[in-house]
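A.B. asks: Have a look at this fold, sequence not included:
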Ligand SMILES: Cc1cc2nc3c(=O)[nH]c(=O)nc-3n(C[C@H](O)[C@H](O)[C@H](O)COP(=O)(O)OP(=O)(O)OC[C@H]3O[C@@H](n4cnc5c(N)ncnc54)[C@H](O)[C@@H]3O)c2cc1C
């Protein structure tokens, strides 16, 4: 039997691990290189919206999401004042990255994949067979992404979103029963380190009442993390190499769709990568096939998300959004369909 060409994946987030798992289960020799280690907390809303059954099934995700919390309804707040709640057209899933990434990593190794943690690969080298799943591009302008888990915090709905002054914050339960509090904020010169930083950012963004709710609950400092967060891409990356996940394109966080997109990009890449590994396609053909399929699948979604994003961040446009919601003029279903 002809031997299969090996593949390398740079980056062991959800995109890299899920692609690695599907390829390993199909018998392809794969090594994933991950700069960090597992388990680890990540800055993420941990709210998976728009994951279609076909993608989840093709990557075997069902077993990892078995205890994820289903979220069906959302309430937006503008500086503490709730707007009209609405139902999601399909449930979203609440699960911590701490659990999810580690579960997929374990399954990848069990399927015969080689996982090299604490190993950073130079991203300038692009030999055939190397896939880039290294996360968001490091290009600004950067905002601040903050997240922490909180216990004993009651929510008014499955998913609470709070719009502040150049800030928005999402709150929803994850599988541990804790509430994940995650936000994106314009940078401010604030002093405290650790979990108190999120309280300071909330207060400075006009969300002091939410900060008080967190103070009255039980903030878990071990789960706190911070990152530099760009505002998202308008287009997918070029076809000079295989990019998947945020490395291909990062969608603004308000959509809750980044993780589903990471999985969908991985699923789209599996067959062209198998074709290369088995000698049925050249590396160049596989690279182009993956880029084209992601452009078709994600192009419209990225454009719509980038046009809507300012309505979640800029005070004047937030007020417009709140007024449209009050008068039932926001076509939620149409936006959801365009964004997921
Ligand atoms: C504030 C915020 C909130 C968000 N909330 C949500 C949400 O609620 N729902 C949602 O679906 N999405 C959300 N997202 C987006 C989501 O986090 C990303 O879309 C998702 O993590 C992308 O997965 P990925 O595997 O492509 O990248 P990542 O998860 O970033 O993984 C990339 C991995 O590559 C590793 N790496 C990087 N460079 C190298 C290298 N040179 N060598 C080896 N390893 C390397 C990194 O250590 C990392 O583990 C949010 C993002 C932000 C910023």
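C.D. replies: Received the coordinates, thanks. Given the structure is predicted, the values throughout are model-derived calculations rather than measurements. Numbering: from 1, shown residues only.

A.B. asks: Show me the strands in the chain, by range?
C.D. replies: Assigned by DSSP state E, the strands in the chain fall at 7-10, 30-33, 47-48, 69-78, 81-82, 86-94, 114-116, 130-132, 142-151, 159-164, 167-173, 179-185, 218-230, 242-243.

A.B. asks: which residues are contacting the last one?
C.D. replies: Read that as strand 242-243. Contact with strand 242-243 is made by 130-133, 236-237, 269, 273, 286-287, 290-291, 294, as judged by C-beta atoms under 8 Å, 6 or more residues apart in numbering. The C-beta positions use only the backbone N, C-alpha and C, and glycine is treated the same way.

A.B. asks: What of the first one?
C.D. replies: By C-beta under 8 Å, 6+ apart, the list of residues contacting strand 7-10 from outside reads 16, 19-20, 23, 28-33, 121, 123, 129-134, 273, 276-277.

A.B. asks: Which among the residues you listed count as buried?
C.D. replies: The neighbour count (16 or more other C-beta atoms under 10 Å) marks 16, 19-20, 23, 28-33, 121, 129-134, 273, 276-277 as buried among those.

A.B. asks: before we move on, back to that, adding distance to residue 196 and mean pLDDT as columns, could you present the strands of the chain in a markdown table?
C.D. replies: Compiled in a markdown table, the strands of the chain are given as follows (distance: least, C-beta to C-beta, whole Å; pLDDT from 0 to 100):
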| stretch | distance to residue 196 | mean pLDDT |
| --- | --- | --- |
| strand 7-10 | 35 | 98 |
| strand 30-33 | 35 | 98 |
| strand 47-48 | 24 | 98 |
| strand 69-78 | 22 | 96 |
| strand 81-82 | 26 | 92 |
| strand 86-94 | 25 | 95 |
| strand 114-116 | 35 | 98 |
| strand 130-132 | 36 | 98 |
| strand 142-151 | 10 | 96 |
| strand 159-164 | 17 | 96 |
| strand 167-173 | 16 | 97 |
| strand 179-185 | 13 | 98 |
| strand 218-230 | 9 | 94 |
| strand 242-243 | 37 | 97 |
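
A.B. asks: if we can go back for a sec, export the contacts of strand 242-243 to JSON lines and tack on distance to residue 184?
C.D. replies: JSON lines is the format used below for the contacts of strand 242-243 (distance: C-beta to C-beta, whole Å):
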{"residue": "130", "distance to residue 184": "31"}
{"residue": "131", "distance to residue 184": "28"}
{"residue": "132", "distance to residue 184": "24"}
{"residue": "133", "distance to residue 184": "22"}
{"residue": "236", "distance to residue 184": "21"}
{"residue": "237", "distance to residue 184": "22"}
{"residue": "269", "distance to residue 184": "28"}
{"residue": "273", "distance to residue 184": "32"}
{"residue": "286", "distance to residue 184": "34"}
{"residue": "287", "distance to residue 184": "32"}
{"residue": "290", "distance to residue 184": "29"}
{"residue": "291", "distance to residue 184": "28"}
{"residue": "294", "distance to residue 184": "24"}
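
A.B. asks: Relative to residue 220, which of the residues you listed is nearest.
C.D. replies: residue 133 (28.6 Å; C-beta to C-beta).

A.B. asks: hang on, the closest one packs against residue 263?
C.D. replies: No: the criterion here is C-beta atoms under 8 Å, and residue 133 misses it with residue 263 at 11.3 Å.

A.B. asks: who touches both of those two?
C.D. replies: residue 15.

A.B. asks: Tell me the buried residues in stretch 234-254?
C.D. replies: For stretch 234-254, by 16+ other C-beta under 10 Å, it's 236-237, 239, 241-254.
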